[in-house]
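**Student:** My questions are about this predicted structure, shown below with the sequence.
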Amino acid sequence: MISSFLVDHDGDILREMSIKEHPPQSHSSQHTIDSSQIHVPVLLADTLRLLAPKPGESYIDFTAGYGGHAAEVLARTGEYASSVLVDRDSNAIKFLQQRFADAAVSFSHMSFADAAEQLARQGRTFDIILADLGVSSPQLDQSERGFSFLHNGPLDMRMDDRQQHSAADVVNTYSEQQLIDIITQYGEEPHARARSIAHAIVQQRPFYETEPLAEAIAKALGGRRGNKRHPATRTFQALRIEVNQELQQVDRLLRCLPMLLRPGGRVGIISFHSLEDRRVKQFFAEDAKNGLESQFTVLTKKPIDGATYDVHQPRSRSAKLRVAAKQ
Ligand SMILES: C[S@@+](CC[C@H](N)C(=O)[O-])C[C@H]1O[C@@H](n2cnc3c(N)ncnc32)[C@H](O)[C@@H]1O
């Protein structure tokens, strides 16, 4: 039995789980799937209820990850040939190719912003669109990916290993002011704390590993206090967002939705922090201002939040699902 820590997107350990508890749902039993690559889909029941996949409908999953949502949607549509699974992570793509080896579905190893723009240019349209933003459990759990300060690893944080720019580049080359800016904007850290952190980083760099950086941040903020969230949590979030340009990615994807979604089609977006959720909310609110000309009907007047609707799934704790239909 392999043990793994289940960690939420804030980097907090939620519980230790044994892989045997959640065997991966292999699409094809002939293909071996590494059981350490576990990712339990969040808000699955509500996502399926609101996206309401029907036989014959085409599907694009912009963050297919380990195929948890995709397997369930595709099992209901039965429409593989016109469906696409996108992920920028090569491990995820390899896993998906194994899991869906017997299906005629397409895989796209690129960022969802690039994929969305390319497909929109090609005039491709879909009945169902899903984006389950953020990082997967395997990305957080594998220390060599450098996303977590709980397990020491290289300061990497790239979702796409073909990309050059890593967290080490940000930490070791950005000016103090640039660090303050990303820690306040993307980490939502108060300005005085961001200044202390950025100053400590610039004084003590270079950093190459997650643990020494997390320790330097904790020290700059006066150390850890009790069982509270680790003082480096927000800075690590900021670094991850900067390295992967996560907010720019969401903005570019949102702009493509009117082109990619067929009339009557449904789009679901699951976000894990307020910076993303605010963008999604504002996008649909702006559209609604167009009155009769608006393109979407929001199906979730309030977001479906994981803390209320998916209490048995610890990763859902900070998840928010918004769903809209194209008119
Ligand atoms: C939360 S996981 C998705 C899990 C998936 N829904 C499942 O059930 O297995 C997020 C996935 O999105 C991918 N991802 C995040 N941002 C991306 C982007 N901008 N472009 C493409 N993939 C992205 C990550 O690599 C990760 O595999």
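**Tutor:** Received, thanks.
**Student:** measure the closest residue to the ligand within the stretch 201-327 of the chain to Val170 for me?
**Tutor:** Relative to the ligand, the nearest point of the stretch 201-327 of the chain is Gln249 (3.8 Å; C-beta to the nearest ligand atom). From N, CA and C alone the C-beta is placed, and that goes for glycine too. Per C-beta to C-beta, to the nearest Å, Gln249 is found 16 Å from Val170.
**Student:** State the mean pLDDT of the top strand by length along the chain.
**Tutor:** For the chain, the strand that runs over the most residues, judged by DSSP state E, is strand 261-271. For strand 261-271, mean pLDDT is 98.
**Student:** now swap in stretch 303-310 and tell me
**Tutor:** 88.
**Student:** What pairs with the longest strand of the chain, parallel or antiparallel?
**Tutor:** strand 126-132 (parallel), strand 320-326 (antiparallel) (DSSP bridges).
**Student:** Return the most buried member of those.
**Tutor:** strand 126-132 (a mean of 25; mean count of other C-beta atoms under 10 Å).
**Student:** just checking, next helix/strand downstream of it?
**Tutor:** helix 137-141 (DSSP states H and E).
**Student:** Could you pull out the buried residues of that following helix?
**Tutor:** Neighbour counts over helix 137-141 (16 or more other C-beta atoms under 10 Å) mark Ser137, Pro138, Gln139, Leu140, Asp141 as buried.
**Student:** What of stretch 195-209?
**Tutor:** In stretch 195-209, counting by 16+ other C-beta under 10 Å, buried: Arg195, Ser196, Ile197, Ala198, Ala200, Ile201, Arg205, Phe207, Glu209.
**Student:** chain center to the longest strand of the chain: distance?
**Tutor:** Computed by C-alpha atoms, centre = their mean, to the nearest Å, the chain-centroid distance of strand 261-271 equals 17 Å.
**Student:** And for stretch 138-150?
**Tutor:** 14 Å.
**Student:** again, but for stretch 58-78
**Tutor:** So, by C-alpha atoms, centre = their mean, the centroid of stretch 58-78 is 15 Å from its chain's centroid.
**Student:** Could you check that stretch against the ligand for contacts?
**Tutor:** Yes - with C-beta under 6 Å from any ligand atom as the criterion, the ligand is reached by stretch 58-78 at Thr63, Gly65, Tyr66, Gly67, Gly68, His69.
**Student:** Figure out the length between the terminal residues of stretch 117-133.
**Tutor:** 17 Å (C-alpha to C-alpha, to the nearest Å).
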